[in-house]
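> Fold the following and give me the result.
(one chain, ligands or ions: 1)
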Amino acid sequence: PSRADITYFGAGPAALPTDVLEAASKALLDYNGTGLGIAEHSHRSELATNIINEAKADLANYLEFSPENYEVIFMQAGGTGEFAASVYNLVGAWVSRQHAALEKELGDDEEAILAALRKKVETELKVDYIVTGGWSLKAYQEAQRLLGPEYVNLVADARTINDGKFGKIPDESTWKLSKDAAYVYFCDNETVDGVEFPAFPSVLTPDANGNGPIVVADMSSNILSRRIPVNNYSLIFFGAQKNLGSTGVTVAILKKSFLPPHTVQPSAPLLRKLGLPIPPIILQYEIIAKNNSLYNTLSIFDVYIAGQVLKKLLNTYPDKVDGQQAVAEKKASLIYGALEAHPDVYRIVPDKTVRSKMNICFRVTKNGDTDETEKSFLKAAAVLGLTGLKGHRSVGGIRASNYNSIPLEGAEKLAKFVHDFAKAS
Ligand code: PLP
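Numbering: from 1, shown residues only. I've put the predicted structure just below:
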C-alpha cells in the first residue's frame with residue numbers, strides 16, 4: 001500500500017503529518033540551501049540553536065505558558081528516562097530546600113546541619129505516586145528502585161477498585177497524600193490502558209496564592225491534544241513520538257523556581273552522605289537547562305521535526321491548543337459513539353468517566369468468542385488501510401490511538417468500519 005492509503009492508529013511511534021515528512025526529507029539532504037543536511041549540521045551551530053529556540057517559543061505559544069516562569073528542556077532519555085530524572089531532580093530540590101532552612105536555623109555549624117538533614121531524610125522525605133495504569137506503575141517502581149521503597153508513597157492504586165485491573169481513577173477523597181511530599185506524580189494519559197484524567201485533580205490544585213503541592217505529570221501520550229493548566233505543575237514531561245514528532249527527543253517543561261539561582265541541586269558528596277542516589281549528569285535538569293539543551297550532542301533533526309509539527313499546529317489552529325482539543329474530542333466521540341452503538345459486540349475497557357481521547361481501548365466479541373473475532377476485526381480493518389489497531393501486548397484487545405496526526409476523515413473511516421463490522425455476520 002502507499003502512504004495515502006493508510007490511516008495508522010499505532011500507539012507510538014505515531015504517524016507524522018505527510019507534509020512535515022516531505023519537507024524533512026528535503027532537509028535531510030540539504031537544510032535551507034546550506035549544502036548539508038539537518039542531521040549533519042553541528043548541534044553547536046547557530047542554525048541548531050535557532051531551531052531549538054524556535055521550538056521552545058512555539059511550544060510555549062501553543063500551550064500558552066510563560067517562558068518567564070517555565071524552562072523547556074530537550075533530552076534524549078525517553079519517557080522512561082524521565083521517570084528517573086523526576087526522582088533525582090525533585091528529591092534534589094527537596095534536599096536543597098531543607099538544607100537552606102537548616103542553614104537559617106543552625107548557622108554555619110555544618111555537622112549539626114548534616115545530622116539534622118539526615119534525620120529529616122529519614123523521617124520526612126516522601127515522594128507520592130498515583131498509579132492509574134501501566135506507565136505510572138513503571139514510574140512508581142523506578143522511584144522505589146532508585147530511592148528505596150521506604151521513601152515512596154502509593155497515594156492510590158486504581159487496580160484496587162476494579163478487580164485488579166486498570167480502568168478507573170479512584171475518587172480523590174480516598175487518596176493518601178503525604179504531608180509535604182517532595183512531589184506528587186501522575187500520568188495524565190495512560191497509553192496502554194486508555195485511562196485519561198478528565199481534569200486536573202482538585203486536591204492538587206494550588207490555593208489563591210499559588211501555593212500547592214509540587215506536581216509532576218507524564219504527558220507523553222496526550223500533550224498538545226488538550227488545554228492544560230501549566231501553572232499547576234512543577235514538571236511536565238513527554239516523549240516526542242506520539243503527538244510532537246519523531247522518536248529520539250524528550251521534552252521537560254520545568255518551573256524555573258527549580259533551577260538556579262532559586263534552587264541549586266545538592267552536590268554528589270552531600271547526597272552520598274545522606275545515602276541518596278546521585279544523578280547521572282545527563283539527567284540533571286539544571287545542567288541541561290544551563291546549556292540550552294546542548295550539554296552533549298542532541299538530535300537536532302528530532303527537534304526540527306517537533307518544531308515543524310508545532311508550526312503546523314499554530315498555522316492550523318488560530319486558537320492554538322483549544323482548536324486541536326475540539327478536533328480531538330470530535331474524533332474521539334465519533335469512535336466511542338460507534339462502539340457504544342453496538343454493546344453486543346464491543347466493550348470499551350475503561351470506565352466512561354476516565355476514557356482517554358487519545359488511546360481508545362476496547363474488546364470485540366461475537367458468538368461468545370473474543371480472540372478470533374479480534375483477529376478478524378484487525379484483518380478486515382487492515383484491508384481498508386486502518387492499521388496499528390492491535391492492543392498493547394500486556395492487555396490485548398484493540399487500541400485505536402487517536403493522536404493529533406489522525407485526520408477527522410481517518411476517525412470517520414474507523415467509526416464507519418466499527419459499525420460495518422458489528423453489522424456483518
Ligand atoms: N509514558 C507514557 C505515557 C508512554 O506512553 C510511554 C511509551 O509509550 C512512556 C512513558 C515510555 O516512553 P519511552 O519509550 O520513550 O521511554
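> Please make it C-alpha for all contacts and neighbour counts, starting now.
OK.
> Can you list the neighbours in contact with the host helix or strand of residue 156?
According to DSSP states H and E, residue 156 maps onto strand 152-157. For strand 152-157, the surrounding residues in contact (CA atoms under 8 Å, 6 or more residues apart in numbering) are 126-132, 140, 143-144, 170, 174-178.
> Give me the contacts around the helix or strand following that strand.
Sequence-wise, the next helix or strand downstream of strand 152-157 (DSSP H and E) is strand 183-187. The contact list for strand 183-187 (CA under 8 Å, 6+ apart) reads 90, 126-132, 135-136, 213-219.
> So which of those residues sit within helices?
Among the contacts of strand 183-187, DSSP state H puts 90, 135, 136 in helices.
> Show me which residues of this structure are close to the ligand?
Proximity of the chain to the ligand (CA under 6 Å from any ligand atom) is limited to residues 78, 79, 80, 135, 189, 190, 191, 218, 220, 221, 239.
> Apply 8 Å and report the result again.
Taking CA under 8 Å from any ligand atom as the criterion, the chain approaches the ligand at residues 11-12, 77-83, 135-136, 187-192, 218-221, 238-241, 247-248, 250.
> re earlier: among the contacts of strand 183-187, name the ones in strands.
Among those, the residues falling in strands (DSSP state E) are 127, 128, 129, 130, 131, 215, 216, 217, 218.
> which of those residues sit farthest apart?
127 and 218 (15.2 Å; CA to CA).
> ok, back up a step: and the residues of the chain next to the ligand, which of them are in helices?
Counting by DSSP H, the part of the residues of the chain next to the ligand found in helices is 78, 79, 80, 81, 82, 83, 135, 136.
> Which of those residues lies at the shortest distance from residue 386?
Scanning those for proximity to residue 386, where the rule is CA to CA, the winner is residue 135, at 26.0 Å.
> Once you drop chain neighbours, what's closest to the closest one?
Excluding its sequence neighbours, the residue lying closest to residue 135 (CA to CA, 6 or more residues apart in numbering) is residue 190, at 6.4 Å.
> Next, please give the residue ranges for the strands of the stretch 301-425 of the chain.
In the stretch 301-425 of the chain, the strands defined using DSSP state E, counting those that start in this stretch lie at 346-348, 359-364, 386-387, 398-401.
> Any chance of these in a markdown table with distance to residue 264 and mean neighbour count as columns?
Shown next, in a markdown table, are these (distance: least, CA to CA, whole Å; neighbours: other CA atoms under 10 Å):
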| stretch | distance to residue 264 | mean neighbour count |
| --- | --- | --- |
| strand 346-348 | 47 | 19 |
| strand 359-364 | 38 | 25 |
| strand 386-387 | 48 | 21 |
| strand 398-401 | 40 | 26 |
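> Quick one: closest of these to residue 41.
It's strand 398-401; of the strands of the stretch 301-425 of the chain, that one is closest to residue 41 (CA to CA) at 33.9 Å.
> contacts for the closest one?
Counting by CA under 8 Å, 6+ apart, 9-11, 358-364, 374, 388-392 sit against strand 398-401.
> And the strands of the stretch 301-425 of the chain: which comes nearest residue 270?
Closest approach to residue 270 among these (CA to CA): strand 359-364, 43.2 Å.
> Distance from that closest one to the middle of the chain?
20 Å (CA atoms, centre = their mean, to the nearest Å).
> Using CSV, write out every CA atom in that strand.
What follows is strand 359-364, C-alpha atoms only, in CSV (Å, rounded to 0.1, in the frame of the first residue of the first chain):
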residue,chain,number,x,y,z
ASN,A,359,-6.0,5.8,23.2
ILE,A,360,-9.3,4.1,22.7
CYS,A,361,-9.2,0.6,24.2
PHE,A,362,-11.9,-1.9,23.5
ARG,A,363,-12.7,-5.6,23.1
VAL,A,364,-14.6,-7.2,20.3
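> Can you list the strands that it pairs with?
If you go by DSSP bridges, strand 359-364 pairs up with strand 346-348 (antiparallel), strand 398-401 (antiparallel).
> any weak-confidence spans in the stretch 151-300 of the chain?
Under the criterion pLDDT under 70, no range of the stretch 151-300 of the chain is flagged.
> follow-up on the earlier one: compile the strands of the stretch 301-425 of the chain into JSON lines and extend it with columns for mean pLDDT.
Output for the strands of the stretch 301-425 of the chain, formatted as JSON lines (pLDDT from 0 to 100):
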{"stretch": "strand 346-348", "mean pLDDT": "98"}
{"stretch": "strand 359-364", "mean pLDDT": "98"}
{"stretch": "strand 386-387", "mean pLDDT": "98"}
{"stretch": "strand 398-401", "mean pLDDT": "98"}
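> With distance to residue 203 added, can I get the ones you listed in CSV?
Listed next are those as CSV, based on distance: least, CA to CA, whole Å:
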stretch, distance to residue 203
strand 346-348, 28
strand 359-364, 26
strand 386-387, 40
strand 398-401, 29
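> Select, out of those strands, the one closest to residue 257.
The closest of the strands of the stretch 301-425 of the chain to residue 257 is strand 359-364. By CA to CA, the value is 33.4 Å.
> which other residues reach that closest one?
Here strand 359-364 has contacts from 11, 191-195, 332, 336, 345-350, 370, 373-374, 377, 391, 397-403, using CA under 8 Å, 6+ apart.
> Mind checking the pLDDT average for the helix or strand harbouring residue 54?
Using DSSP H and E, residue 54 maps to helix 46-63. Here helix 46-63 scores 98 as its mean pLDDT.
> what do you get for stretch 114-131?
Mean predicted confidence for stretch 114-131 is 98.
> Now for the residue nearest to residue 135: which residues touch it?
Residue 190 sits next to 132, 133, 134, 135, 136, 196, 221, 356 when contact means CA under 8 Å, 6+ apart.
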